[in-house]
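S.K.: how would this look folded up:
(2 chains)
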Number of protein chains: 2
Amino acid sequence: MNSQVRRVIGIDHGVQRTGWGIVYPEGGQFKAQAFGAIETDSQAPFDQRLKQIYDALTKVIAQYQPQEMAVEEAIYAQNVKTALLMGQARGTVLLAGANAGLPIFAYTPKKIKSATVGNGAASKEQVQFMVRRILNLTDEVLIQHGVRVLGLDVSDALAVAICHLQQARPER
Amino acid sequence: MNSQVRRVIGIDHGVQRTGWGIVYPEGGQFKAQAFGAIETDSQAPFDQRLKQIYDALTKVIAQYQPQEMAVEEAIYAQNVKTALLMGQARGTVLLAGANAGLPIFAYTPKKIKSATVGNGAASKEQVQFMVRRILNLTDEVLIQHGVRVLGLDVSDALAVAICHLQQARPER
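M.R.: As a prediction, the model looks like this:
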């Protein structure tokens, strides 16, 4: 991997599962460098679950060296309880990015869906379908990455990265 | 300060201001070792504000070496927007504690108010009044700590620490 290539890590944050995916541009297309999901131990104390997300994400960033991070804007949650949980997971992700020195960009779910599906009200399944097409993630490619089933949190994370790369494409 | 003394850092988290206070037991009473508030730069990017809280709190923990952390439980917020902000600040605080290896304990606001004022519906001003009495924080003592006016977030933080120390007093 050429270290000059602009690599973006997209994140779909959640206390239970946090999807991540690193996307870079190549020859007018977008490609996935690596992707996966961080699962936390639901039996662990809450602060340790946040630490599991933080530690795993810090490791991913150290391994793949993305230069920028893209996340969802925190504007919506079903209710206060969900919002408090979501906020804590999001704070953890932002901190992992900030402590690794990455600039962080946030996009609304509507913008992310528009960027990938062309429809701001698209379902997660539609987002996944288009993310797989955009990144050419065929079943064979998934297997090469050690993935049998692509989680919706992982495709959402890849979608955020794609959305960010589409906003301001540098010369290449 | 005897390093065997059980020191608890209490936190009142907020994106704008995070109060903190370290309390320890001595001769059947509680005493304040140190306290203060971390203010973030409202002009900074959001992730940098979280990093300011994280870095400042990490420094406080390294300086005063508390052995335990006590925080408010995340069960209530006025609305989803507030909950998302509060959650991110809380996640940051938990992570600073967890990354410093501190066990973390959470108490409801009602329990914290009962522990200090004896009334679960007490106001922040009442909590402050009692915290000052419990810790003997006279105007003179405040000045010794370099504090002229005790913020309500700082007295709330001290109250969380007092509440935790009251739950299970070890032999001393």
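
S.K.: looking at chain A, which residue is nearest chain B?
M.R.: Nearest residue of chain A to chain B: residue A:87, at 1.9 Å (CB to the nearest CB). For glycine as for every other residue, the C-beta is placed from the backbone atoms N, C-alpha and C.

S.K.: chain center to the least confident helix or strand in chain A by mean pLDDT, what's the gap?
M.R.: Least confident helix or strand, chain A: helix A:139-144 with a mean of 92, by mean pLDDT, DSSP states H and E. Here helix A:139-144 shows a centroid-to-chain-centroid distance of 19 Å under the convention CA atoms, centre = their mean, to the nearest Å.

S.K.: keeping just the C-alphas, turn that helix into CSV.
M.R.: C-alpha atoms of helix A:139-144 as CSV (Å, rounded to 0.1, in the frame of the first residue of the first chain):
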residue,chain,number,x,y,z
ASP,A,139,-18.1,-13.0,-2.0
GLU,A,140,-14.6,-14.0,-3.2
VAL,A,141,-13.1,-10.7,-2.0
LEU,A,142,-14.9,-11.0,1.4
ILE,A,143,-13.4,-14.5,1.9
GLN,A,144,-10.0,-13.1,1.1
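
S.K.: which of the helices or strands spans the residue of chain A closest to chain B?
M.R.: Assigned by DSSP states H and E, residue A:87 belongs to helix A:80-99.

S.K.: relative to helix B:80-99, how tilted is that helix?
M.R.: 50 degrees (axes from the mean of the first three to the mean of the last three CA atoms, to 10 degrees).

S.K.: where does pLDDT dip in chain A?
M.R.: Judged by pLDDT under 70, chain A has its weakly predicted residues at A:1-3, A:168-172.

S.K.: flag every residue of it that's near chain B.
M.R.: With CB under 8 Å from any CB of the partner chain as the criterion, chain A meets chain B at residues A:45-48, A:50-51, A:54, A:74-77, A:79-81, A:83-92, A:94-95, A:97-99, A:104, A:106.

S.K.: drop anything exposed from those.
M.R.: Among the residues of chain A next to chain B, the ones that count as buried by 16 or more other CB atoms under 10 Å in any protein chain shown are A:46-48, A:50-51, A:54, A:74, A:77, A:80, A:83-92, A:94-95, A:97-99, A:104, A:106.

S.K.: please tell me how far residue A:143 sits from residue B:92.
M.R.: Using CB to CB, to the nearest Å, residue A:143 is found at 38 Å from residue B:92.

S.K.: one step back: what residues are up against the residue of chain A closest to chain B?
M.R.: Residues in contact with residue A:87 (CB atoms under 8 Å, 6 or more residues apart in numbering or on different chains) are A:74, B:83-91.

S.K.: so which two of those are the farthest from each other?
M.R.: Spanning the widest gap among the contacts of residue A:87 are A:74 and B:90, at 13.2 Å by CB to CB.

S.K.: can you show me the helices along chain A?
M.R.: Taking DSSP state H as the test, the helices found in chain A are A:46-64, A:80-99, A:109-117, A:124-134, A:139-144, A:152-167.

S.K.: which other helices and strands does the last one contact?
M.R.: Contacting helix A:152-167 under the criterion 3 or more CB pairs under 8 Å, 6 or more residues apart in numbering or on different chains; DSSP states H and E are the following elements: strand A:8-12, strand A:17-26, strand A:29-39, strand A:68-72, strand A:104-107, helix A:109-117, helix A:124-134.

S.K.: what's the angle from the third one to strand A:8-12?
M.R.: If I follow you right, that is strand A:29-39. Going by the same axes, to 10 degrees, strand A:29-39 makes 40 degrees with strand A:8-12.
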